[in-house]
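Q: Turn this into a model:
(chains A and B)
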Amino acid sequence: MKMNKRMLVVVGLAALAGCAGNEAVKPSGASATASRSTSTQASAATQTSASGTQSMALDSFSHMVHFRFDSSAISSSNAAIIKQNASYLEANPNVRVRLEGNTDERGTAQYNMALGQRRADAVKHMLEVLGVSGKQLATVSFGKSRPLALGHNEMAWAKNRRTFFNYAYFANK
Amino acid sequence: MHRFGYRSWAGLLALLCAPLTRAAVTIHINHGYGQQFPIAIVPFKGEGAWPPALQISAIVSRDLTGSGWFDCLPSKDYLAQPHHAAQVQFNDWRLLKATALLIGHIQGLGDGHLNVAFRLFDVNKGAQMQGVQYIIKPNQLRAVGHKIADAVYQALTGVRGVFDTRIAYVTMYPHGAPGHYLYRLVVADAEGHHTQVILRSHEPIMSPRWSPHGKRLTYVSFETTWPAIYVQDVATGQRSQVAAFHGLNGAPSFSPDGTHIALCLSKTGYPEVYVLNLATRHLRQLTFGPEINTEPSWSPGGGHIVFTSNRSGEPQIYEMTVQGTDKHRLTFDGDYNADASFSPNGKWLTLVSRREGQYHAAVFDLADSTLEVLTTTSLDESPTFAPNGQEVLYSTVVGGHRVLASVSLNGQGHRILGLRGGDISDPAWSPFRHPQ
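A: All right, here's what the predicted structure looks like:
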C-alpha cells in the first residue's frame, strides 16, 4: 500500500506533464511539477535524480511513457525515460516490472487490446535492447479499459495512451 | 421519410450533448417500408392499481414506439375506452386513422395470480387478429407486457419481436485511485430493466457474447490480474475458465452450435485468431502473420468467420472459412473498419467505421458491399444486431458519459437506454431464447 501511494505521485506527475506536451513526459517537466507538489517525498526524489543515477531511487524517474494516436513508436523523450528504467532494472536484477499497455477510448475494445499489447511490447523490446534481462519483464494490455483521465477529449486521450512501468505489481506479490 | 426520423433523433441528441457533426447522413438501410403503423392502445381495465412502470398499456406503447415501427396514438383522443370485444365500435377508430387497436384487462384471481388478457383488432377489416390470455404472478407483469408487445409487433410487421430478449453489457465506475474502477457484467431485458449482475470485479471485464439460445455468456475478465476467457451459465452462475494463455486472451465469440468459441490469442507473439473446442479444449490457429488479427465473429450458418486485421496497414474486415482458408478482404470504404458481427439472417454485418476521425456504428451489406453509417455520434463501439435483425444496439458517448443507444434500421426509432452504474459499454444482444 505504501508503495502504491508513492507510485501515485509519479502517475500524477506523468499525467500532468502529458497534458502539456501530449507526448512522453520529460524528466525536466516532471521535476518542475514536483517542486509545486506538496509531497516532500517527490521533491526529495527529484533532487536525487538530478545528481545522477548511481543509487537511483525507484521514485526518482518517471514510470510512464506516452504514445501518439494509433502508434506504438518510441519517441526520443520516451527513450530517455525507458533508459532510466533500464538503468534501474540493470542495477537491481532481482526487481521485476509489469509493463502495462493502454489506449485511448477511440476505436473498438479488442482492437485496442492488441494496440495496448504493442505498446507494452515496444517498451519491453527497447529495455531488452538496452541490456535488461527478459526475466525481469512481463507485459499486459488493458486496452481502453483503464483510462487515467475520464474526459472524452484530446487532452484525456493523450494521457491515456500510455505504457506504465508497474513495479508494485511484483513487489506486492 | 427516413430523414424525418433522423432529424428528430439529432434534435434529441443536440439537447444532450452540444458539439455534434452537422453533416447530414442519409440512412438508406431500409428496403421500402418507411411507414409506421398507427395503433390505438387503450389502457387495460384494472391496470390503474399498479404503478405506471407496471401498467401493461404503457409497457406495450414504450416497446412499440422504441422499435420505430409504430405510431402509438395518444389516448386522450380516443372516443371510447373499450375493454371487451363487444364494446368496440370500429368506426370510432377509423376516424382516428388507427390501423390496429389493442384492448385488454387485468383481473386478480384471488389465489395471488392475475389473469391478463388482450385482443388485437384490424380496424379496417373490423376483425380480431389475435387474442391471448395469461395466468401470471404479479412479478411477471412487465414480462407479460413485453410478450404482448412482441405479439403485436409480429402480427403487424410479420417479424418476430425482441421485447422479451436480453442484453449483456459492462458498467465501469471510478473506484479508488485514477485508473481504478469497479466493473460489472450485467444482464438486463431489452429495455434495460430487470438487471442481474453476472460478475463484479475491480479488474477489467470485457466483450461479453451470448451462446445460442442465450443460455451462456463468454467474456474476458482480468480478475486474476491477467486476461482470461470464461464461459458462464447465466441462470446457474456456473462457469469455467477456458483460455488463459501467455499474452492476449480476447474477443471470444460462440459458434452457432455453441460447441466452439473463436478468440484472439497472442501466445506466438502476435495477435492471431483461433478456434477453441469447448469440450476437448483443442485449439486451432486460423491466422498467421505479424500483424493484428482479432475480433472474430461467426456467420449464422457456421461456415465462415469475419475478423479485423490491419494487414493492409489499417484495420479492415476480412472473411475466411472456419478452416482458415479463402481469406479475403470485405471492406474497402474508409480507413478504419473493425469489430464486425453478422446479422441473424447472415446478409449484413454491423461494425465500427471511422469517417473523418469520428467512429460510427455502421452496417455493411454483404450482397453489394456497401457500407452505411447509422449514427451521428462520434465515439461508437460494440454494435450488435437485435435477434430479429431490425435494430442495432451500440455504446456511445452522450452528454459526457458512455451510454447504450439503439437505432432501428428503418431509420424511425432511436433510443438511449436509461441504465445506471457508471459508463456503460460492450453491449451484446441475446439471440431468441426459444426457436419459433
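Q: Around chain A, pick out the residues from the stretch 101-250 of chain B.
A: Proximity of the stretch 101-250 of chain B to chain A is assessed by C-beta under 8 Å from any C-beta of the partner chain, with B:172, B:174, B:177-181, B:183, B:204, B:206-207, B:222, B:225-227, B:247-248, B:250 identified as the residues in range. C-beta coordinates here come from the backbone N, C-alpha and C atoms, glycine included.
Q: Hmm, B:Glu391 and B:Val162 touching each other?
A: Yes: taking C-beta atoms under 8 Å as the definition, B:Val162 is a contact partner of B:Glu391 at 7.2 Å.
Q: So between these two, which is more surrounded?
A: B:Val162 (27 against 24; other C-beta atoms under 10 Å in any protein chain shown).
Q: wait, what's in contact with residue 145?
A: The chain I'm using is chain A. Taking C-beta atoms under 8 Å, 6 or more residues apart in numbering or on different chains as the contact definition, A:Ser145 lies against A:Ala109, B:Met172, B:Tyr181, B:Tyr183, B:Pro204, B:Met206, B:Phe222.
Q: Oops, wrong one, chain B.
A: Contacts of B:Gly145 by C-beta under 8 Å, 6+ apart are B:Leu54, B:Ile56, B:Ala58, B:Ile59, B:Val60, B:Asp63.
Q: Helices of the chain, residue ranges please.
A: Chain wasn't specified; assuming chain A. Assignment of helices within chain A using DSSP state H yields the ranges A:2-21, A:27-36, A:40-51, A:76-91, A:109-129, A:154-160, A:168-171.
Q: think we crossed wires, I meant chain B
A: Under DSSP H, chain B gives helices at B:2-16, B:56-67, B:90-95, B:141-157.
Q: TSV for those, including mean pLDDT and distance to B:Gly399?
A: As requested, those are exported to TSV (pLDDT from 0 to 100; distance: least, C-beta to C-beta, whole Å):
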stretch	mean pLDDT	distance to B:Gly399
helix B:2-16	34	4
helix B:56-67	91	20
helix B:90-95	95	40
helix B:141-157	92	27
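Q: any chance of these in a markdown table, with distance to A:Lys83 too?
A: Compiled in a markdown table, the helices of chain B are given as follows (distance: least, C-beta to C-beta, whole Å):
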| stretch | distance to A:Lys83 |
| --- | --- |
| helix B:2-16 | 47 |
| helix B:56-67 | 57 |
| helix B:90-95 | 79 |
| helix B:141-157 | 61 |
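Q: So for A:Asp104, which of the ones you listed sits nearest?
A: Shortest separation from A:Asp104 across the helices of chain B is recorded for helix B:2-16, at 22.3 Å, computed as C-beta to C-beta.
Q: Sketch out the low-pLDDT regions of chain A for me.
A: A:1-55 (pLDDT under 70).
Q: Around chain B, pick out the residues from it.
A: Taking C-beta under 8 Å from any C-beta as the criterion, the contact residues of chain A with chain B come out as A:4, A:8, A:11-12, A:15, A:105-111, A:113-115, A:117-118, A:139-143, A:145-152, A:169.
Q: Restrict those to the buried ones and give me that as a PyMOL selection.
A: This is the PyMOL syntax for the buried subset of the residues of chain A next to chain B, where burial follows 16 or more other C-beta atoms under 10 Å in any protein chain shown:
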select buried, chain A and resi 11+12+15+105+106+107+108+109+110+111+113+114+115+117+118+139+140+141+142+143+145+146+147+148+149+152+169
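Q: Tell me the buried residues within the residues of the stretch 101-250 of chain B next to chain A.
A: Burial by neighbour count, 16+ other C-beta under 10 Å: within those this picks out B:172, B:178-179, B:181, B:183, B:204, B:206-207, B:222, B:226-227, B:247-248, B:250.
Q: Among these, which one lies nearest to chain A?
A: In terms of C-beta to the nearest C-beta, no member of those lies closer to chain A than B:Pro204, at 3.7 Å.
Q: Quick check, that closest one in contact with B:Tyr183.
A: Yes: between B:Pro204 and B:Tyr183 there is a contact at 5.8 Å, judged by C-beta under 8 Å.
Q: Of the contacts of A:Ser145, which is the nearest to A:Leu99?
A: Checking these one by one against A:Leu99 (C-beta to C-beta), the nearest turns out to be B:Phe222, at 15.3 Å.
Q: quick one, what contacts the spatially closest residue to B:Arg281 that is not a sequence neighbour?
A: Beyond its immediate neighbours in the sequence, the residue positioned closest to B:Arg281 (C-beta to C-beta, 6 or more residues apart in numbering or on different chains) is B:Val242, lying 7.4 Å away. For B:Val242, the residues meeting the contact criterion (C-beta under 8 Å, 6+ apart) are B:Thr218, B:Ile229, B:Tyr230, B:Val231, B:Pro252, B:Ile261, B:Leu276, B:Leu278, B:Arg281.
Q: Can I get the buried part of the residues you listed as one PyMOL selection?
A: Applying 16+ other C-beta under 10 Å to the contacts of B:Val242 leaves a buried subset, and the PyMOL line that selects it is:
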select buried, chain B and resi 218+229+230+231+252+261+276+278
